[in-house]
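In: below are the sequence and a predicted model; questions follow.
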Amino acid sequence: MFKVALIGYGYWGVNLLRNLINSASVSKVNVCDIRNERLQLAKKSYPSIHTSSDIYSILKNTDIDVVVIATPTSTHYELTKRALSHNKHVLVEKPICTRSTEARELYSLAQTKGKILFTDLTFLYNGAVEYIHDYIHDEKIGEIKYIDSTRVNLGIYQEDTNVVWDLAPHDISIIQKILKQKPIQLRAISNPLKSLKDIDFVYIFLYYTNGLVVQINCSWASPTKIRQMIIGGERKMIIYDEVEPTQKIKIYNYSSEQKDRDTTLIDYRLGDIVIPKFSTKEPLQKMLEVFFSCIKENKYLCISPEQSIEIISIIENIEKSLFLKGELVNL
Ligand SMILES: NC(=O)c1ccc[n+]([C@@H]2O[C@H](COP(=O)([O-])OP(=O)(O)OC[C@H]3O[C@@H](n4cnc5c(N)ncnc54)[C@H](O)[C@@H]3O)[C@@H](O)[C@H]2O)c1
C-alpha cells in the first residue's frame, strides 16, 4: 500500500482526494496546499488525513512514496521535477507541462530515478471511451472518415493557461487512443487579435495520411456545455455525448444509395440505432488503479511516455499555428 501526498486541493484536488481515500492501494494521505482554508476544508471532510502548507517537508519525508500534483498548469514542470528528484513516483494532472522538451526531460529523470511518471488524462479511463475504442478495433464501423469533437462551456478563465492547454488534452488523448495513428499536419484557428495566453476558443484541424480529418472545437466562451464527439465510419457512425445522462453512445447503422442515375439525388438512410451498455465506474478511480499498477509492475500501462509527450508536442504545434494565424503546420 502507498503513502501518498496530494499537492493542490482546489477544484480537481477534491475529486482526487475522495478517490485516494477510497483506494485499496493507499494507506495514508497527506494534503498540501498553499492556502490554509483549503487545508482546513480537506481536514474537515477527512479528519484522518495529514495536512501541510510546506511542500519541502512533504518532499523530504521518506515515508511518502507517491506525490499527486493537482496545482495550476504553470507549476507542473517544477513541482514534478522536484518530486522526482526526491525519489517519489509522480501522478501529475494534465497537461504534464507545456513544452515537449520539458516533458522529455521529466520522463528521462523518472527513468534515471527508477520511478513512474504518470499523467491524469481522465477520459482514457471513461467507460464510454473504452467501449468506443473496442468497438472501432473490432472493425465494426469500417474505415474512419472523420471525427468531429466539441468541448465547449462557459469556462473559468485561468490566468496561467489558455483553453487549448486546458481542454484539448482530453480530445487529443481520446483520439490518440481510438485511432492509433499520428496526425501529419494540423491547423488551428482562433481570434487573430488575441495573444496566445488569452485564447478562449479554438478550432483545430488534424490531418492524417489516409485522408482522415479530425476537427476539435474547444471553448470557454460558450453559453452551453457540450461534450460531443461524432465518429464517421464507412459503415457506421457513432455519437458520443458525455453530457447525456443515460444514452451517452449511439451507434447508427448507415448506408447511402443513389436514388436515380439521372439525378444527383442520394437517399441517405440511417438503419437501426444501437444504444450500448458500458462500464460506469468512475474514471478517476480506474485511472488511479492503473497508476498504482504501473508502480507495482514497474511498467507503463494504458499510455506510454511517448504518447504522453506526443500530446504535448501536438498542442505546442497548435499554438504555433495559432501564432501563424491558422497556417498549416507539418508534424
Ligand atoms: N483531469 C481532469 O479532468 C481535470 C479537470 C479539472 C482540472 N484538471 C487539472 O487539475 C489541475 C488543477 O486544476 P484546478 O481546477 O483544481 O485548479 P484550482 O486553482 O482550483 O486548484 C489548484 C490548487 O493548487 C493550490 N496550489 C497552487 N500552487 C501550489 C503550490 N506550489 N503548492 C501547493 N499548492 C498549490 C492552490 O492553492 C489551489 O488550491 C490543472 O492542471 C487542471 O488542468 C484536470
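Out: Cool, the structure landed. Everything numeric in this text was worked out from a predicted model, so none of it was measured. Numbers count the residues shown, from 1 in each chain.
In: ok, residue 28 - contacts?
Out: Shown in contact with residue 28 (Cβ atoms under 8 Å, 6 or more residues apart in numbering): 3, 4, 50, 63. For every residue, glycine as well, the C-beta is placed using N, CA and C.
In: would you mind confirming that the third one makes contact with residue 30?
Out: I take that to be residue 50. Yes - using Cβ atoms under 8 Å, residue 50 makes contact with residue 30 at a distance of 4.5 Å.
In: higher neighbour count, those two?
Out: residue 30 (20 against 17; other Cβ atoms under 10 Å).
In: hang on, the earlier thing: tabulate the contacts of residue 28 in a markdown table, adding columns for distance to the ligand, secondary structure and pLDDT.
Out: Below are the contacts of residue 28 laid out as a markdown table (distance: Cβ to the nearest ligand atom, whole Å; DSSP: H, G, I helix; E, B strand; the rest coil; pLDDT from 0 to 100):
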| residue | distance to the ligand | secondary structure | pLDDT |
| --- | --- | --- | --- |
| 3 | 18 | strand | 97 |
| 4 | 15 | strand | 98 |
| 50 | 14 | strand | 95 |
| 63 | 19 | coil | 95 |
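In: mind giving me the packing neighbours of the longest helix along the chain?
Out: Ranked by number of residues, the top helix in the chain under DSSP state H is helix 305-323. Here helix 305-323 is seen to pack against helix 100-113, helix 163-179, strand 185-189, strand 201-207, strand 329-330 when contacts are counted using 3 or more Cβ pairs under 8 Å, 6 or more residues apart in numbering; DSSP states H and E.
In: nearest to the ligand, of those?
Out: The ligand sits nearest to helix 163-179 of all the helices and strands packed on helix 305-323, at 5.8 Å, using Cβ to the nearest ligand atom.
In: chain center to that closest one: distance?
Out: 5 Å (Cα atoms, centre = their mean, to the nearest Å).
In: stretch 224-239 too?
Out: 18 Å.
In: next, see if it gets close to the ligand.
Out: No - using Cβ under 6 Å from any ligand atom, we find that stretch 224-239 stays clear of the ligand, coming within 11.1 Å at best.
In: and stretch 204-220, by the same measure?
Out: No - under the criterion of Cβ under 6 Å from any ligand atom, the ligand is not reached by stretch 204-220; the shortest gap measures 12.5 Å.
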